[in-house]
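Trainee: Would you be able to build a 3D model of this:
(chains A, B and C)
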Amino acid sequence: MRSLELLTPNDFSLRETIDAHGWHQLLPFVWDSANGILERIEQLSSGKVVLLRIAEPELGKLTIEASEEADGEEIAARVRRMLQLDIALDEFHAFCTGHPRLAHVPERRQGRMLRSSTLWEDTVKVILTTNTTWGQTKSMSARILNHFGAVCPAAPDRRAFPGPESIAVVPLEEFASAAKVGYRVAAIHSLACGICDGVIPLEGWQTDTEQDAFTLRKRLLGLRGVGPYAAATLLLYLGRGEHVNVDSWARTLVGKELGCAVTDAEVHAFFADFAPWRGLAYSFYAWTPAEPVK
DNA sequence: TTCCAGGGGTAGA
DNA sequence: TCTACCCATGGA
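Mentor: Residues are numbered from 1 along each chain as shown, chains lettered A, B, ... in the order given. Next comes the predicted model:
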């Protein structure tokens, strides 16, 4: 296919999903906010590297254009993952309707968050958000992509995010020198090697219907470089909004609400009443419209 | 030069 | 379980 249409749930909005957090600022995503078009360079399982352009011409429908003939089913599946189209929000939206600080969530079709096409890419990027500035997160992510990602023929200056196999074959020292991700290098390189060796069946974790949220969190915490914050963030991306990903933003937010400096425990206590959607509630609690509601 | 950012790992208590 | 300390990087 070169283009296809995808039906979306009634409570979905492309723009709100993208605006939910900063993932659209990380390559290989490029978000054209003015025209409402999300671009992404994607390497398919065949090895083909395509430029995807995703738009929402009307509520309930997405259009996807690929830069060349490609497997439509695979592209649709990847877009569904990126936009969390298969995650049900009915109960969370019903909960938000009764809360003054969250009523905007169902009204604006919020609640979903842009994610990568693989859990591998999301995990690497979350690790790159730890103990650093957002500007450095973007730089580190771009260096990994530009050194090890495959070039897109339709856009020769742009690349796909490298798969774990592209990192695992690179010696640690060489990867460290090129990526300049600081002490995070061992976490990312060992994750790539673990996936390729079959020791860490990362992608399988998100389709393992037998596991509960506790087990999934325990698995994520077992990854090097993944602590409570990173695990909670990844759980949010996996549709499990139970845990608050306490970061400096959360501490600032709750500090303003309470009028004093707060500990992580106090942040958790602040969102305790939002169970079982503490994490989702935090993600959208502080939301303010980027532009007037039309 | 020093501090610190969308934290995590480790040792020791 | 809690605390202290260290961790690479680069901008302020």
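Trainee: Report whether stretch A:206-216 contacts DNA strand C.
Mentor: No: Stretch A:206-216 stays clear of DNA strand C (C-beta under 7 Å from any atom of the strand), getting no nearer than 13.6 Å. Quick note: C-beta positions are derived from backbone N, CA and C, even for glycine.
Trainee: how about the strands of the stretch 101-250 of chain A, start to end?
Mentor: Remark: strands assigned in the stretch 101-250 of chain A by DSSP state E, counting those that start in this stretch are A:151-152, A:155-159.
Trainee: List of residues touching the shortest one?
Mentor: Just to be clear, that refers to strand A:151-152. Residues from elsewhere that reach strand A:151-152, judged by C-beta atoms under 8 Å, 6 or more residues apart in numbering: A:41, A:49, A:50, A:51, A:67, A:158, A:159, A:160.
Trainee: can you do 7 Å?
Mentor: Contacts with strand A:151-152, where a contact means C-beta atoms under 7 Å, 6 or more residues apart in numbering, come from A:41, A:49, A:50, A:51, A:158, A:159, A:160.
Trainee: Out of those, which end up buried?
Mentor: Neighbour-count burial (16 or more other C-beta atoms under 10 Å) is assigned, among the contacts of strand A:151-152, to A:41, A:49, A:50, A:51, A:158, A:159, A:160.
Trainee: Which residues are in contact with the first one?
Mentor: Residue A:41 makes contact with A:28, A:49, A:51, A:152, A:155, A:158, A:159, A:160 under the criterion C-beta under 7 Å, 6+ apart.
Trainee: And it, its phi and psi?
Mentor: Note on residue A:41: backbone dihedrals following degrees, to the nearest 10 are phi -90, psi 130.
Trainee: likewise the last one?
Mentor: Listed backbone geometry of residue A:160 is phi -90, psi 160, with angles given as degrees, to the nearest 10.
Trainee: Quick check: it touching residue A:148?
Mentor: No: between residue A:160 and residue A:148 there is no contact under C-beta atoms under 7 Å: 9.9 Å.
Trainee: Now do the contacts for the closest residue to residue A:193 other than its chain neighbours.
Mentor: Of all residues not flanking residue A:193 in the chain, residue A:168 sits nearest, at 4.7 Å (C-beta to C-beta, 6 or more residues apart in numbering). By C-beta under 7 Å, 6+ apart, residue A:168 lies in contact with A:192, A:193, A:196.
Trainee: ok, now residue A:224?
Mentor: A:186, A:187, A:190, A:191.
Trainee: Please repeat the previous calculation with a cut-off of 10 Å.
Mentor: Residue A:224 makes contact with A:127, A:184, A:186, A:187, A:188, A:189, A:190, A:191, A:194, A:200, according to C-beta atoms under 10 Å, 6 or more residues apart in numbering.
Trainee: distance of the residue lying closest to the second one once chain neighbours are set aside from residue A:10?
Mentor: So the one you mean is residue A:184. In this structure, residue A:184 finds its nearest non-sequential neighbour in residue A:127, 5.4 Å apart by C-beta to C-beta, 6+ apart. According to C-beta to C-beta, to the nearest Å, residue A:127 stands 35 Å off from residue A:10.
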